[in-house]
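>>> Could you work out the structure for the sequence below:
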Amino acid sequence: FGGDLEIFAVRGMHSTPWHFDGQHNFTIQLKGQKLWTVESSGIHNPLSNLHPKSVNIKAHHTNLAVHQGYHDSHLTSPQSPPPSSSSPSSPSSSQRFSFTLRPGSIAYVPAGWWHKVEAINPDDSEECLSVNFSLDSGRWGDLLTSRLGGFIMSYDDKWRKRIQTSPFSNDDDYNSATNATTAATVHSSSSSNPATAADDDGRCDEHRKKKFGG
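Model prediction:
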């Protein structure tokens, strides 16, 4: 279980464009007024946020691909309501809701619900202040994959193999290469110069004699 705590402070008129969050949001209005407009996106329990107007185009496309890949959900856009709505500004009452938060008001916006927020302070010098709690917790899918992944890895070494391309097409090629490397190492060690080895031993013996007074 976890989440984020955010404080939003603006002066005068201000607008936050359409987006939805992957967490459940609880907002408390402390000062000023804000007009909220919310609408279902057709996504249940999204894995991440989605900000169509984000300047981070790459992140937006990545998140969009994730949400469009859900088998059991159908992503809808608040800018393109279904045919039952005459226009984006006048959708059906079952699709879009609007309400105003005043000091002391609390709003709950479920994860995956589109929302846009507008500070409606007529006086440009008036401040608007709110605090938002974004709450999240572990997912059943995460629990399952964490347990199942450990079982698969321990069950068979084939699941522990690297995905990247290997120079060996099968285990026999790998074992042959390993044996060849071992044989070459042994041959290299046995072909050392005997005189050099003797000289090394002589220097070691001479060193020991000097060190221990021999």
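>>> got the CA positions of stretch 24-43 in PDB?
Extracted in PDB, the C-alpha atoms of stretch 24-43 (Å, rounded to 0.1, in the frame of the first residue of the first chain):
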ATOM      1  CA  HIS A  24      -7.400   6.500  -6.800                       C
ATOM      2  CA  ASN A  25      -7.600  10.200  -6.000                       C
ATOM      3  CA  PHE A  26      -9.100  12.000  -3.000                       C
ATOM      4  CA  THR A  27      -9.000  15.800  -3.200                       C
ATOM      5  CA  ILE A  28      -9.800  18.200  -0.400                       C
ATOM      6  CA  GLN A  29     -10.400  21.800  -1.400                       C
ATOM      7  CA  LEU A  30      -8.900  24.200   1.100                       C
ATOM      8  CA  LYS A  31      -9.300  27.700  -0.600                       C
ATOM      9  CA  GLY A  32     -11.000  29.000  -3.700                       C
ATOM     10  CA  GLN A  33     -13.200  27.000  -6.000                       C
ATOM     11  CA  LYS A  34     -12.500  24.400  -8.700                       C
ATOM     12  CA  LEU A  35     -14.800  23.100 -11.400                       C
ATOM     13  CA  TRP A  36     -14.300  19.300 -12.000                       C
ATOM     14  CA  THR A  37     -15.500  17.400 -15.000                       C
ATOM     15  CA  VAL A  38     -15.200  13.600 -14.900                       C
ATOM     16  CA  GLU A  39     -15.900  10.900 -17.300                       C
ATOM     17  CA  SER A  40     -15.300   7.100 -17.500                       C
ATOM     18  CA  SER A  41     -12.500   6.100 -19.900                       C
ATOM     19  CA  GLY A  42     -13.700   2.500 -20.200                       C
ATOM     20  CA  ILE A  43     -10.500   1.300 -18.500                       C
END
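>>> That stretch - what's its average pLDDT?
The pLDDT scores in stretch 24-43 average 93.
>>> List the buried residues for it?
Using 16 or more other Cβ atoms under 10 Å as the test for burial, stretch 24-43 gives 24-25, 27, 29-30, 32-34, 36-41, 43. Any C-beta I mention is one placed from the backbone N, CA and C, and that applies to glycine too.
>>> do the same with stretch 96-103
Buried residues in stretch 96-103, defined by neighbour count with 16+ other Cβ under 10 Å: R96, L101.
>>> what does that stretch rub up against?
By Cβ atoms under 8 Å, 6 or more residues apart in numbering, the surrounding residues in contact with stretch 96-103 are 27, 29-39, 78, 81, 107, 120, 130.
>>> The same query, at a cut-off of 6 Å, please.
Contacts to stretch 96-103, defined as Cβ atoms under 6 Å, 6 or more residues apart in numbering, come from residues Q29, K31, Q33, K34, L35, W36, T37, V38, E39, A107.
>>> Mean confidence (pLDDT) on stretch 55-74, please.
80.
>>> The contacts of stretch 96-103 in strands, which ones?
Within the contacts of stretch 96-103, residues falling in strands by DSSP state E are Q29, K31, K34, L35, W36, T37, V38, E39, A107.
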